[in-house]
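Novice: need a 3D model of the sequence below.
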Amino acid sequence: MSRRMTNLDIVREGDTFPYRSQEPEALAALTARLHTLVAPGGQPLGYMLDEVVAQLVAVPEAVRGAVVVDAGARTVRAFEQASEPERSARVAALMRHWRERRAFAILRGWRDEPWPVYGAGGRLLYTVERSATGLLGVARYGVHMTGYVRDPAASRGLRLWVPRRAASKSTYPGMLDNTVAGGLVAGEDPFACVVREADEEADIPAALMRERARFAGQITYIHITDERAGGEAGQIYPETQWLYEIELPAGFRPTPKDGEVAEFYLLTVEEVQEELARGRFKPNCGLVLLDFFIRHKILTAENEPDYAEIVQRLHRRLPFPGPSLSPSNYKNENQD
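Specialist: Sure, this is the predicted structure:
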């Protein structure tokens, strides 16, 4: 990227879906080629591209089950079997059908990870293969953790551990990332997820996580994918991320373990800001880091003219239901 990005540019790259109040024409143009996937009763569940809807209705009903498309309301009803296992099985059959026929390039990144789709009241409606969530445009849930060390010699008194994604990754290969990140599979608690991901991606022991990792809030946004995400561009990703941070011991070094990370760098705040400005971070990681900077008073209303819009866009109101979790599901048991 030749032009340096401002902090607001970084947020807008991650939170891409147009706002009605700010971009009415862009929103109208986008929604003109979307259908809303709805549950019985009309609860919105996801944003589906018209071309995905066309592929859906072309699949034999014996595979996909009953589908009702309302062209006037631009809604789709599907996967309404009597029980969650039946609904999940129907979604899985559809995705396998598309994968076997190479209907969508995004399914080349098949992960065998069932991601949850929730209805009203946080009820699990069904699960969907991780790589296929963008085809339905349903909400996605994950965890991101920023690891840092105290360093009195650094201008801000700390340095951040930043990984580079492996070149073999199907999504955003070679880009910079947050210290640890991952998606919630169905039935998984956020804190359990971040402990698992810390072990798998950075070889951070579970005991160290339970001692030091702290829940730091959430961010919400709606991202529209580009070619870096793998597969078809333009898919809608409404996302909620549970954020964690951990002050690591000065002598501890995260180590790549599962092949998803090429290497880790220990960077100053200024070095991280420079890499952000050059567009070298995965888009949603930029949002996570800006939120970290806000929490640590590095980014403030006094030094950032777009502070109010940045904060607002980091906590976008999503139109889709999510899980019903108590604090015990996402906080470290050692955290107040």
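
Novice: output the below-cut-off pLDDT ranges for the protein.
Specialist: By pLDDT under 70, the low-scoring segments of the chain are 1-2, 336.

Novice: helices along that one, start to end?
Specialist: In the chain, the helices defined using DSSP state H lie at 7-14, 24-31, 50-58, 61-64, 84-100, 133-136, 190-202, 206-212, 269-277, 283-295, 307-314.

Novice: elements contacting the fourth one?
Specialist: Helix 61-64 makes packing contacts with helix 84-100 when contacts are defined by 3 or more Cβ pairs under 8 Å, 6 or more residues apart in numbering; DSSP states H and E. C-beta coordinates here come from the backbone N, C-alpha and C atoms, glycine included.

Novice: counting contacts, what elements does the helix it packs on pack onto?
Specialist: Taking 3+ Cβ pairs under 8 Å, 6+ apart as contact, the helices and strands that helix 84-100 lies on are helix 61-64, strand 124-129.

Novice: which of the ones you listed is buried the deepest?
Specialist: strand 124-129 (a mean of 22; mean count of other Cβ atoms under 10 Å).

Novice: helices and strands around that one, which ones?
Specialist: Counting contacts by 3+ Cβ pairs under 8 Å, 6+ apart, strand 124-129 packs against helix 84-100, strand 114-118.

Novice: show the contacting residues for Val52.
Specialist: By Cβ atoms under 8 Å, 6 or more residues apart in numbering, the contact list for Val52 reads Phe104, Leu135, Leu136.

Novice: ok, now Ala198?
Specialist: Applying Cβ under 8 Å, 6+ apart to Ala198 gives the contacts Met145, Val180, Ile204, Ala206, Met209, Ala213.

Novice: now, among those, which is nearest to Leu290?
Specialist: Leu290 lies nearest to Met145 out of the contacts of Ala198, by Cβ to Cβ, at 15.3 Å.

Novice: specify the beta-bridge partners of that closest one.
Specialist: Beta-bridge pairing of Met145 under DSSP bridges involves Val180, Tyr244.

Novice: burial measure for it, as a count.
Specialist: 28 (other Cβ atoms under 10 Å).

Novice: switch to numbering from 534
Specialist: OK, 534 is where the count begins now, so the last one is Met678.

Novice: for it, give its distance to Gln774.
Specialist: According to Cβ to Cβ, to the nearest Å, Met678 stands 10 Å off from Gln774.

Novice: surely Pro551 meets Ala559?
Specialist: Yes - here Pro551 reaches Ala559: they are 4.1 Å apart, a contact under Cβ atoms under 8 Å.

Novice: so who does the most centrally placed residue in the chain touch?
Specialist: Note on the chain: the residue nearest the mean C-alpha position is Glu772, at 4.7 Å, using Cα atoms, centre = their mean. Listed by Cβ under 8 Å, 6+ apart, the contact partners of Glu772 are Ala672, Arg673, Tyr674, Gly675, Thr753, Tyr754, Ile755, His756, Asn817.
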